[in-house]
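# Next come a sequence and a model predicted from it.
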Amino acid sequence: MTTPLTPFIGRRVEQQVAGQATRDGDGVKLTRVLTQAHQRRLDPFLMLDNFGSDDPKDYGGGFPDHPHRGFETVTYMISGRMRHKDSAGHEGLLQNGGVQWMTAGRGVIHSEMPEQEDGVMEGFQLWLNLPSHQKMCAPGYRDIQTAQVPELTTPEGVTVRVISGESQGVLGAVHRPAELFPTCPLYLDIHFQQDGIFKQALKAAHNAFLFVYRGTATVVSDGQETLVALHRMAILQNEGNGIEIKAASGSKVLLIAGQPLHEPIAQHGPFVMNTREELIQAVDDFRAGLLA
């Protein structure tokens with residue numbers, strides 16, 4: 001007896017968000033796409049920054065030594081060169097198409113400094129929350145060069161870089177046991193090499209959003225089409241088992257989804273814990289030099 005196929009039901013766009021222009025680190029110009037205002041709605045994701053400029057004044061200062069505790073940072077470089085160093089002894093060069101996945105855990109001090117004096121520097125940094133039982137885990141670091149990021153091309157001519165999760169049967173560069181990292185993040189960089197459509201399955205419980213960083217994209221659901229403009233984040237409704245994206249040649253889209261933790265979020269700058277008391281302890285430990 002043949003098991004009937006589950007029909008594909010595309011999610012709709014719930015809300016579109018324009019990022020907030022700001023500067024961070026030593027004056028690095030960026031757009032904060034996912035802000036604290038959307039942390040609860042997009043749990044387990046805490047922040048998404050998009051940096052991009054061909055003016056060295058906008059990025060030359062980089063991100064000198066600064067601390068983190070209680071979450072993970074995922075830095076994806078589209079163009080440019082940036083050197084990572086941290087107090088746990090890790091070092092790596094982030095360059096075109098590469099990813100650096102750092103688990104801050106109980107605490108780390110790191111820097112991200114440009115290794116270029118001119119040209120374009122463009123990329124993204126995503127903050128991914130850790131569950132309460134992992135917030136004080138040992139710091140970890142993965143340096144993933146562009147050749148190590150799995151890619152697939154669909155029959156419709158859409159190329160997908162699978163940073164984490166799974167797409168069309170292709171596992172991402174990062175995939176970990178759900179019992180240790182229950183957020184199970186999906187992180188795709190989708191390139192439309194020609195006019196086409198891309199469909200991706202999404203787990204029902206996962207919160208999901210997309211960000212258009214080249215061209216425009218249209219989210220299709222039950223005959224309804226919603227245009228997502230350049231540099232807009234589209235939060236997807238939690239109804240449906242996937243997403244259908246239609247876009248013209250040259251468009252590029254990040255698709256990010258994950259299992260919410262449903263835990264309290266207590267944040268003070270670069271520290272993200274569950275309670276105010278844990279935040280106070282994090283600040284005290286940093287001041288006492290215990291994150292070094």
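Nice, I can see it.

# Can you pull up the most central residue in the chain?
L126 (3.5 Å; C-alpha atoms, centre = their mean).

# Could you measure from the closest residue to it other than its chain neighbours over to R161?
Excluding the flanking residues, the one nearest L126 by C-beta to C-beta, 6 or more residues apart in numbering is V74, at 4.4 Å. Every residue, glycine included, has its C-beta placed from N, CA and C. Going from V74 to R161 by C-beta to C-beta, to the nearest Å gives 13 Å.

# how much space between I256 and T183?
Between I256 and T183 the computed distance is 11 Å (C-beta to C-beta).

# meant to ask about V149, not that
Counting by C-beta to C-beta, the gap from V149 to T183 is 19 Å.

# The residue nearest to the centre of the chain: what's it in contact with?
The contact partners of L126, by C-beta atoms under 8 Å, 6 or more residues apart in numbering, come to 34, 45, 47-48, 73-76, 187, 256.

# How about S164?
Contact analysis of S164 by C-beta under 8 Å, 6+ apart lists 74, 172-175, 185-187.

# repeat for D285
69, 107, 291.

# follow-up on the earlier one: now render the contacts of S164 as a markdown table, adding neighbour count and distance to K246.
Shown next, in a markdown table, are these (neighbours: other C-beta atoms under 10 Å; distance: C-beta to C-beta, whole Å):
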| residue | neighbour count | distance to K246 |
| --- | --- | --- |
| V74 | 24 | 27 |
| G172 | 21 | 23 |
| A173 | 20 | 27 |
| V174 | 19 | 28 |
| H175 | 14 | 28 |
| P185 | 24 | 24 |
| L186 | 23 | 20 |
| Y187 | 25 | 21 |
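
# what's the closest of these to I197?
Nearest to I197 among the contacts of S164 is L186, at 18.5 Å by C-beta to C-beta.

# Just the pLDDT at the closest one, thanks.
The model reports L186 with a pLDDT of 98.

# tell me which element the nearest residue to V158 once chain neighbours are set aside falls in.
Spatial nearest neighbour of V158, excluding adjacent residues (C-beta to C-beta, 6+ apart): F198 at 4.5 Å. Using DSSP states H and E, F198 maps to strand 196-201.

# Pull the distance from that strand to the chain's centre.
Relative to its chain's centre, strand 196-201 lies at 19 Å (C-alpha atoms, centre = their mean, to the nearest Å).

# same check, this time on stretch 253-269
10 Å.

# tell me which residues in that stretch are buried?
253-261, 263, 265-267 (16 or more other C-beta atoms under 10 Å).

# Now for those residues: which two are most distant?
V253 and A266 (32.1 Å).

# For A88, which non-adjacent residue is spatially closest?
P139 (4.5 Å).

# tell me the secondary structure for Y76?
Three-state assignment for Y76 (DSSP: H, G, I helix; E, B strand; the rest coil): strand.

# wait, it sits on Q95?
No. Contact criterion C-beta atoms under 8 Å: Y76 and Q95 do not qualify, at 11.4 Å.

# picking up where we left off before, and the contacts of S164 as CSV, adding distance to D24 and secondary structure?
Listed next are the contacts of S164 as CSV, based on distance: C-beta to C-beta, whole Å; DSSP: H, G, I helix; E, B strand; the rest coil:
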residue, distance to D24, secondary structure
V74, 16, strand
G172, 27, coil
A173, 26, coil
V174, 24, strand
H175, 30, coil
P185, 22, coil
L186, 26, strand
Y187, 21, strand
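
# Pipe the contacts of L126 into a markdown table and attach distance to I144 per row.
Formatted as a markdown table, the contacts of L126 follow (distance: C-beta to C-beta, whole Å):
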| residue | distance to I144 |
| --- | --- |
| L34 | 22 |
| F45 | 19 |
| M47 | 20 |
| L48 | 18 |
| T73 | 13 |
| V74 | 10 |
| T75 | 10 |
| Y76 | 9 |
| Y187 | 11 |
| I256 | 16 |
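
# Which one (most neighbours) among those residues?
Counting neighbours by other C-beta atoms under 10 Å, I256 leads the contacts of L126 with 27 neighbours.

# What ranges in the stretch 1-150 of the chain fall below the confidence cut-off?
The stretch 1-150 of the chain contains residues with pLDDT under 70 at 1-4.

# mind listing the strands in it by residue range?
In the stretch 1-150 of the chain, the strands defined using DSSP state E, counting those that start in this stretch lie at 13-18, 20-24, 28-34, 45-53, 63-68, 71-79, 81-86, 91-95, 99-103, 108-114, 121-129, 140-144.

# Single out the most deeply packed of those strands.
strand 99-103 (a mean of 24; mean count of other C-beta atoms under 10 Å).
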